[in-house]
Structure formats: C-alpha cells, structure tokens
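Colleague: Fold the following for me, if possible:
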Amino acid sequence: MSTVTSATEIEAGPAGNLAIRVLGELAVARDGIEASLPQSRKTRALLAYLAVVPRPQRRERLCEMFWDIPDDPRGALRWSLSRLRQAVGNAFETTRDTVALRRDAVSLDYDRVRDALAADPATIETDELEAVADLFHGGFLDDLSLPRCPDFEAWRAALATEAELAHIRVRRTLVARLADQPARALAHARILEAMSPGDEELATEARDLADRSRRQALAPTSPGVPSPDPDLAGAPPQPHHLSQQIRYCTAPDGIRLAYATTGEGYPILKCANWMSDLQYDLDSSVWRHWIHELSQGNQLIRYDQRSNGLSDREVGDLSFEAQLSDLEAVADAARLDRFALLGISAGAALSVAYAVRRPDRVSHLILYGGRPRGWKYTGTPADRAQRAAMVLLIRAGWGQDNPAFRQLFTSLFIPDATPEQMDWYNELQRRTVSPDNAARLHEVSGEIQIADLLGKVTVPTLVLHSVGDALVPFDLGRELAIGIPGARFVSLDSRNHILLAGEPAFARFLYEIRRFVGH
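Modeller: Residues are numbered from 1 along each chain as shown. Here you go, the predicted model:
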C-alpha cells in the first residue's frame, strides 16, 4: 500500500530540510518557513528545473537552456546560483562542470505525486489519495512560462500536461469512491468542473452532489458523516433543542468571563473570537448550526470574549496576552485537563499561542479562517489604509440604528447569507460590543503576529480555510498550515468566513473535525 503524508507535511518538509512546490506557483519553505525567492524569472525557473530533474546538470547545458550567448551565460548562471543560495542555503552540490540540488535535503511535491501515482490510485487509501489531491495548488509551474527559452518551455509544457492528467485522474477516482459522501466528493467535483469549463456532464454531477450534500448537512445521526434526509433539502435551520449551562469565572486581572457548555462527550473548547453572545448565538441563524453540530457527541465549551456579550463590557486591557489568559481561565474553570481546541478567525492565533504554551492540555488543534499575521502586516498599502479607515468608521457609526455601517462587515463575514441572516448579524454587532471596544478589537486583530510560533506547535493540527474568504485571504490560511509541522490543510469551497447552514462546505468542515478529533 502506498503511503502519502499530509499536504502541509509535504509542503513544509521535515525540520531542517528544503521543501519546494512546483504544482502551482513556485514556492520554497526552508526549515518550515517560506523563503523569499529572487525576482528574476529565469533564476526561479533554474531552481525549479534543478529540483525536478534528479541528476546533476552540466553548466553548459543550463547556459544553453536559459541564456543567449551575448548575455555572458556563465556569468548569468553564477549570478543566479549566488542568489539562490541566499534563499535555499547549502542545498546545492556544484563542481567545475555540474550543478545539482542535494536530493537528501529536498522535499518536492511533484516527487510525492509521481511516487504515489506509480501505483494504481485504486490501491491507495482514500485519506492518502486526498492528501495527494491537496498538493495540486495549480498547474505545473503556473508562474514560470518562458517563451524565449524554448528548451525549458518545452520541458515545462510536457510536465504540465503530465501533471494535469494526474490531477484529473486523482480527482475522478475520489469523486467515484466518495459517491456516498457527497459533501466530501463535492470539493473534488468542483475542482474538476473548474478545470473543464463547459463540460455539462461534470456540471450535472457537481449539481447532484451539491443537492445531496444539502440534504445531509442538517440531519447528522452520528459523529460520522451526516446521513441523508430528503425532507430537509433546502430547509432553513431548525430551532435548537440544546440546553446550555452558563457560568462565570474570573480572569487574572479581575474581568468576569461568561462561558457555556452544551452536549456531552470529549471536550472541544472554542476560543473566543470577535462578536459573540452566548445566549443570542444559540438562537441565531448564523451560529446555531455550529453550536448544535459541534455538541453532537462532544461537550462544547464556548465563552464570550472580554468586552463582548455576557462577559464584562468595561475593559481596560484588550491585549493579545490578556485574551490568552482568558482562555486559560475558562479551561481551568471548566475543569478541562485535556481537550480539543478550536480557533476561529482571530481565535486561531490565540489558539496557536495557547497550544505552544500548554501542549500538555491541548490534544487536537483545529484552526479555521485564521492568519499568522494581522492586517497591519499583510496586503498592499492601500489595503492597510482601508482597514485603518474602518477603525474610524466603527467608532462613528457602529452603534447607530441604521445598520449601513455594520453591513460593511457583514458582507465580508457572510457574503452569501440570506437577508434574514444578514439582518441577524448586523444586529449581533450592535448589541454585542460597544463602538469603542469594536474599534479597539479591530486594531488588536491587526497587530497579530504569531508566525514565529508556528514551528513550535507540537500537537496534531487541522487547518481549514474557505477558498473565497473575503475577510482573511486563502493564502494566509495556507501560510498558517505550512508553518505548523505536520499540519493537515483542508480547503473549503465557500466564500463565507462564517460557514452557513446547508452549504456543502459546512458539511465538509464537520466531517474533517469529527475524523480528526475521533471522539
């Protein structure tokens, strides 16, 4: 039986090694941290070629492939190699006549795919085959077409065709194998549909899977994959039948924190994130399906962030460290010796920091919609300026009866929501947190900086992220996963930052968590 490691293990590579991705845009991780590559396309293409071709290459041949005679090819090759050494370290083996990458120092996604597919996909277990599928972040070297280097371009085009055929083969195998698990199969069908626009057979298959997934999403009967219930197709979320117990505890600085428990079983502690109200959320059309489903077969512990909901609203300290102490206080008050920790949105960064600080208590780390760096450190200058302007907008209009100010945030969190769901989320914002605290929390979220902690995470980790997330870009979620040793990364076919009831991505989210926690 073939063995395939998880997607992020392949991307990040073992500690101390160089991990190179060529399925999609070229990317390199050195010791688990993404490396900055030279701007020169030819230099990056040289690295990719040496990574994929497993034998030493003659310098003369490399000069012919990438540089014309008038350009001083040997000088250009020396210059490129010197720039690449800055990015990849001592991974090269060079002689007077040859250049190679040390194979024992390189983990290459394309090698893993090629090795796995040397066997019939039918012989590979489903989880392993999905890990192979997760390696395809795009076509082979999508960003490195060099029409003026015909030898390289012919090589790249041939391998791009080979990789595309392998990708299709893997996805088709998974769709057929997962026919009785439509939410899981749908993600693969959607990708196949995108690869072959206009293929009506694929479009019909994806529509059928989406319909069956919606029927299942609202009626799980066990901790496994939801079971079909035709009567629930397209139905709105049903009223909750959960009873919750709300209690209070005290943070080290005296702030009173409200926390609630629902369900029975192995504990899942949900780290607080911006805007919550323990009682209001239980009745909402945006959060009640999360609470209901995560309480099936597990005890779910939630708490209102300081300054939010039922916790103390008048708060002086809203710092990251204060919020981290709140998480510890709730875990202590709920008498949790060992638990799965769920971090959503800004709660993901807090969860990472807590898992590094207390690995003895965290059995499983689950991160959804998270980022390693706040908005002050990401995006373009225009993006950062827009975010900074939003702080002023919050202070000016958050508490007004007119929801137009808050609608801006709602459209980022749940762009595909119904009018009822948007109205509810607008109201949640108004009643949950004051304008001043909302602005302060938005600023704190912009200052998140936990990239240096990712490599220190030692607990099993699952990272999930919506492909079309408008609030936290998909690449930041992937960066979070790449930085954590051994993390499994799952992309979800959604535009919503908060997954809505009935959408296939939510069913896939539940499936992955239940499979991961295993309780």
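Colleague: How about L367, nearest residue that isn't a chain neighbour?
Modeller: A348 (4.2 Å; C-beta to C-beta, 6 or more residues apart in numbering). Just so you know, the C-beta spots here come from the backbone N, C-alpha and C atoms, and that holds for glycine as well.
Colleague: Spell out the secondary structure type for that neighbour.
Modeller: helix (DSSP: H, G, I helix; E, B strand; the rest coil).
Colleague: Output stretch 500-512 in CSV, but only the C-alpha positions, please.
Modeller: What follows is stretch 500-512, C-alpha atoms only, in CSV (Å, rounded to 0.1, in the frame of the first residue of the first chain):
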residue,chain,number,x,y,z
LEU,A,500,-23.7,28.8,6.8
ALA,A,501,-26.1,26.0,7.4
GLY,A,502,-26.9,23.9,4.4
GLU,A,503,-23.8,24.8,2.3
PRO,A,504,-21.6,21.8,1.4
ALA,A,505,-18.5,23.4,2.9
PHE,A,506,-20.0,23.2,6.3
ALA,A,507,-20.7,19.5,6.0
ARG,A,508,-17.1,19.0,4.9
PHE,A,509,-16.0,21.1,7.8
LEU,A,510,-17.9,18.9,10.3
TYR,A,511,-16.6,15.7,8.6
GLU,A,512,-13.0,16.8,8.8
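Colleague: Residue numbering should commence at 532 henceforth.
Modeller: With 532 as the first residue, the last one maps to stretch 1031-1043.
Colleague: I'd like the mean pLDDT over that stretch, please.
Modeller: The pLDDT scores in stretch 1031-1043 average 86.
Colleague: do the same with stretch 840-854
Modeller: Per-residue scores along stretch 840-854 average to 89.
Colleague: Quick check: buried residues in it?
Modeller: G840, L841, S842, D843, V846, F851, A853, Q854 (16 or more other C-beta atoms under 10 Å).
Colleague: Return the subset of those residues lying in helices.
Modeller: Among the buried residues of stretch 840-854, the residues falling in helices (DSSP state H) are F851, A853, Q854.
Colleague: any idea whether the nearest residue to the first one once chain neighbours are set aside is helix, strand or coil?
Modeller: Translated: F851. Among residues not flanking F851 along the chain, V975 sits closest, at 6.6 Å (C-beta to C-beta, 6+ apart). With three-state DSSP as the basis, V975 sits in helix.
Colleague: show me the contacts for V975.
Modeller: When contacts are counted by C-beta atoms under 8 Å, 6 or more residues apart in numbering, V975 is found next to L849, S850, F851.
Colleague: Can you tell me which of those lies closest to A662?
Modeller: Ranked by distance to A662 (C-beta to C-beta), these are led by F851 at 32.9 Å.
Colleague: mind listing what the closest one touches?
Modeller: Taking C-beta under 8 Å, 6+ apart as the test, what F851 contacts is A880, L881, A884, V975, E978, I979.
Colleague: Just give the number of residues close to A725.
Modeller: Residues lying near A725 (other C-beta atoms under 10 Å) number 11.
Colleague: For the contacts of F851, pick the one with the most neighbours.
Modeller: A880 (28 neighbours).
Colleague: in terms of contact, does that residue touch R902 like I think?
Modeller: Yes - using C-beta atoms under 8 Å, A880 is in contact with R902, at 7.0 Å.
Colleague: shared neighbours of those two, anything?
Modeller: By C-beta under 8 Å, 6+ apart, the residues touching both A880 and R902 are I979.
Colleague: For stretch 878-886, the averaged confidence score.
Modeller: 96.
Colleague: send the alpha carbons of it over as CSV?
Modeller: Taking Å, rounded to 0.1, in the frame of the first residue of the first chain, the C-alpha atoms of stretch 878-886 are listed here in CSV:
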residue,chain,number,x,y,z
GLY,A,878,-9.2,33.0,17.8
ALA,A,879,-6.9,30.9,15.6
ALA,A,880,-3.9,33.0,16.6
LEU,A,881,-4.8,32.8,20.3
SER,A,882,-5.2,29.0,19.9
VAL,A,883,-1.8,28.6,18.3
ALA,A,884,-0.2,30.6,21.1
TYR,A,885,-2.0,28.6,23.8
ALA,A,886,-1.1,25.3,22.2
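Colleague: Can you check my assumption that D658 lies in a helix?
Modeller: Yes - with three-state DSSP as the criterion, D658 is located in a helix.
Colleague: where does the stretch 632-781 of the chain have low pLDDT?
Modeller: 652, 728, 744-772 (pLDDT under 70).
Colleague: how about the strands of it, start to end?
Modeller: 637-639, 776-781 (DSSP state E, counting those that start in this stretch).
Colleague: residues making contact with the longest one?
Modeller: Residues from elsewhere that reach strand 776-781, judged by C-beta under 8 Å, 6+ apart: 787-792, 809-810, 841, 860-861, 863-864.
Colleague: List only buried entries from the residues you listed.
Modeller: L788, A789, Y790, A791, T792, L809, L841, A860, V861, A864.
Colleague: Restricted to strands, list those.
Modeller: Among the buried ones among the contacts of strand 776-781, the ones falling in strands (DSSP state E) are L788, A789, Y790, A791, T792.
Colleague: K907: which of the residues you listed is nearest?
Modeller: Nearest member of these to K907, counting by C-beta to C-beta, is L788, at 26.8 Å.
Colleague: so what's the nearest residue to that closest one once chain neighbours are set aside up against?
Modeller: In this structure, L788 finds its nearest non-sequential neighbour in S842, 4.8 Å apart by C-beta to C-beta, 6+ apart. S842 makes contact with I786, R787, L788, A789, Y834, D835, Q836, according to C-beta under 8 Å, 6+ apart.
Colleague: try it again with 7 Å
Modeller: R787, L788, A789, D835, Q836 (C-beta atoms under 7 Å, 6 or more residues apart in numbering).
Colleague: Among the contacts of strand 776-781, give me the pair with the biggest separation.
Modeller: Q810 and D863 (23.0 Å).
Colleague: State the distance from Y956 to A886.
Modeller: Remark: distance between Y956 and A886 (C-beta to C-beta, to the nearest Å) = 29 Å.
Colleague: swap in Q776?
Modeller: From Q776 over to A886 (counting by C-beta to C-beta), the distance is 26 Å.
Colleague: more crowded one of the two?
Modeller: More crowded of Q776 and A886, by other C-beta under 10 Å: A886, with 25 against 8.
Colleague: what helix or strand does the more buried one sit in?
Modeller: Assessed by DSSP states H and E, A886 sits inside helix 877-888.
Colleague: Run through who's touching the next helix or strand after that helix.
Modeller: Later in the chain than helix 877-888, the nearest helix or strand by DSSP H and E is strand 893-899. The contact list for strand 893-899 (C-beta under 7 Å, 6+ apart) reads 869-875, 879, 882, 885-886, 988, 990-995, 1011, 1044, 1047-1048.
Colleague: List only those of those flagged as buried.
Modeller: 870-875, 879, 882, 885-886, 988, 990-995, 1011, 1044, 1047-1048.
Colleague: Going by neighbour count, list what's buried in the host helix or strand of E1043.
Modeller: In the assignment (DSSP H and E), E1043 maps to helix 1035-1048. Buried residues in helix 1035-1048, counted by 16+ other C-beta under 10 Å: 1035-1045, 1047-1048.
Colleague: what helices or strands is it leaning on?
Modeller: Here helix 1035-1048 touches helix 713-726, helix 731-748, strand 893-899, strand 992-997, strand 1019-1023, going by 3 or more C-beta pairs under 7 Å, 6 or more residues apart in numbering; DSSP states H and E.
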